[in-house]
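Colleague: got a predicted model here, sequence first, then my questions.
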Amino acid sequence: MAPTPHELIREGGVLCRADRVVAVGRADGMDAAGAQRIDLGDALILPGFVNAHTHLELSALAGRLAPTCDFPGWICSLRAHVTRWSLDELRASILRGVREIAAAGVTGIGNITARPETDAALFVGHSRATDDYAFCDSGGRRIHWRCFCELLGLREEEAEGLLEKTLLRQSLIDSFWPRAAFGLAPHAPYSVSPKLLRRCFEVADAKQIAITIHAAETREEERFCLLGDGALFDMVREFGALPDEWRPPRKRPLEYLAEMGLGRSPALVAHANYANDDEIRWMAAHDISVAFCPTSHQFFDHAPYPLRQMLAAGVNVCVATDSLASSTTLDPLEAVRLAAPLCPELPAADWIAMITTNAARALNMKCEIAPSYEPRRLDSLDHGEGSQSRSSGENPGRNAGAGFNVFSLERSCNHPLDALLRGDARLLSPESWQT
Ligand SMILES: [Zn+2]
């Protein structure tokens, strides 16, 4: 068992009492009178995975958009689908994503929500606060959420209003979930005005709110910021989102964001595909975590990811999936497997850290084999708004297994994390090993 990826305890075990993990260590040293012993055989127990960057509301777009190098074209197709969705369709889309991440052993998530209706679709009647974290359980798993509310707007005069509206979403989320769940997500340097960027970084710093932003994702974004032209510029102008007085910052995206206040407090940058060495060093020095999304990277056929440079500089890198609109999976382990050839010399524990401890650090969450909470069932989410009274479905007799994953090892190996990375390990559902 590995309480964290860099700490392997052979012949290890976890002692649970009621719904809590109370001890972790060598199984033979654990002696609890009356405890039921479950022998998992050749198995690996690991912390639950954390997918630090995704957009679950786009899950219904799985397989609908073809891989492309045309990023602005992809945004247009995405918008064409999403703006037509009813609240029910949006809810179904989110649910599909929730089920998929739960089945992949994800117990922590940094989810970006663009539409305020999403909050209601997700939360009302289906989750409740705990002391530490928000959660939403699915199939016996609890998922800790960092709910990043997206802000978009290039018009300076709308900045305050947009921020205010978003902070109001915080109160809605707070009324269902604890404060810790809320985060700000100014979308990207090409879609948010300088004033709004400044205010977001300022407020995040002053109120200790988590913040994330897409940045240095494409060459078009660089062009937009440096020169104020190119395909992304054309797209933004065609949307009618660009004010007449707009002028390009004439800086590279991360340099521009630093000027706007990125780095005042810890932040998570999604992608950073085109960050240069200076920017990478700057991010390391300013506690900026980076979410590398290998499946999405492949979808857009980006230039090779500067992973080695990031790790050498000491950037906290996590591996995430982005949404099913540009990824074939929401499973962070699959994303890690796709990325592994990029740095074959990197130990398996370092790769697994990118979807557990590093990702948790990026979201300011815990990631360890942690205390679990009373289990509840999420299937009530299927019933829609009329069935809130049935939403709890308590099942107190069993430990939900949240916080950790159990993998059965398909063949014997020296180091179980190598087997995990190679694909020689199968994730067991909590139900299968608890009975
Ligand atoms: Zn994204």
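Modeller: Alright, I've got the coordinates.

Colleague: below-threshold pLDDT in this structure: ranges please.
Modeller: Low-confidence segments of the chain (pLDDT under 70): 18-20, 117, 119-141, 174-180, 370-403, 412, 435.

Colleague: need the longest strand for it.
Modeller: In the chain, taking DSSP state E as the definition, the longest strand is strand 141-151.

Colleague: which residues sit in contact with Q208?
Modeller: The contact partners of Q208, by C-beta atoms under 8 Å, 6 or more residues apart in numbering, come to S265. (Each C-beta comes from the backbone N, C-alpha and C, glycine too.)

Colleague: from C293, how far off is N273?
Modeller: From N273 across to C293, the span is 9 Å (C-beta to C-beta, to the nearest Å).

Colleague: quick one: which of these two has more around it?
Modeller: A direct count of neighbours by other C-beta atoms under 10 Å for N273 and C293 places C293 higher, at 30 against 22.

Colleague: and the closest residue to the more buried one other than its chain neighbours, how far from D28?
Modeller: Nearest residue to C293, sequence neighbours excluded (C-beta to C-beta, 6 or more residues apart in numbering): D322, at 4.2 Å. D322 sits at a distance of 43 Å from D28 (criterion: C-beta to C-beta).

Colleague: so which of those two has more stuff around it?
Modeller: Of the pair D322 and D28, D322 is the one with more neighbours under other C-beta under 10 Å, namely 27 against 9.

Colleague: the more buried one touches T54, doesn't it?
Modeller: Yes: between D322 and T54 there is a contact at 6.1 Å, judged by C-beta atoms under 8 Å.

Colleague: show me where the stretch 101-250 of the chain has its strands.
Modeller: Ranges of strands in the stretch 101-250 of the chain, per DSSP state E, counting those that start in this stretch, are 106-113, 128-129, 134-138, 141-151, 182-186, 210-215.

Colleague: got the buried residues for stretch 156-169?
Modeller: Residues of stretch 156-169 classed as buried by neighbour count (16 or more other C-beta atoms under 10 Å): E158, A159, L162, L163, T166, R169.

Colleague: which one of these is nearest to T118?
Modeller: Checking the buried residues of stretch 156-169 against T118 by C-beta to C-beta gives R169 as the nearest, at 9.5 Å.

Colleague: that closest one against A114, yeah?
Modeller: No: contact criterion C-beta under 8 Å: R169 and A114 do not qualify, at 11.3 Å.

Colleague: circling back to that earlier point, and L311, which of the strands of the stretch 101-250 of the chain is closest to it?
Modeller: Closest among those, using C-beta to C-beta: strand 210-215, at 18.9 Å.

Colleague: quick one, helices of the stretch 101-250 of the chain?
Modeller: 116-123, 159-176, 194-207, 219-227, 231-238 (DSSP state H, counting those that start in this stretch).

Colleague: please convert these to JSON lines, extending it with distance to A359.
Modeller: JSON lines is the format used below for those (distance: least, C-beta to C-beta, whole Å):
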{"stretch": "helix 116-123", "distance to A359": "20"}
{"stretch": "helix 159-176", "distance to A359": "21"}
{"stretch": "helix 194-207", "distance to A359": "19"}
{"stretch": "helix 219-227", "distance to A359": "24"}
{"stretch": "helix 231-238", "distance to A359": "28"}
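
Colleague: distance of I94 from M365?
Modeller: For I94 relative to M365 (C-beta to C-beta), the value is 20 Å.

Colleague: ok, P5 next?
Modeller: Counting by C-beta to C-beta - P5 and M365 are separated by 15 Å.

Colleague: same check, this time on E217
Modeller: Separation of E217 from M365 (C-beta to C-beta): 24 Å.
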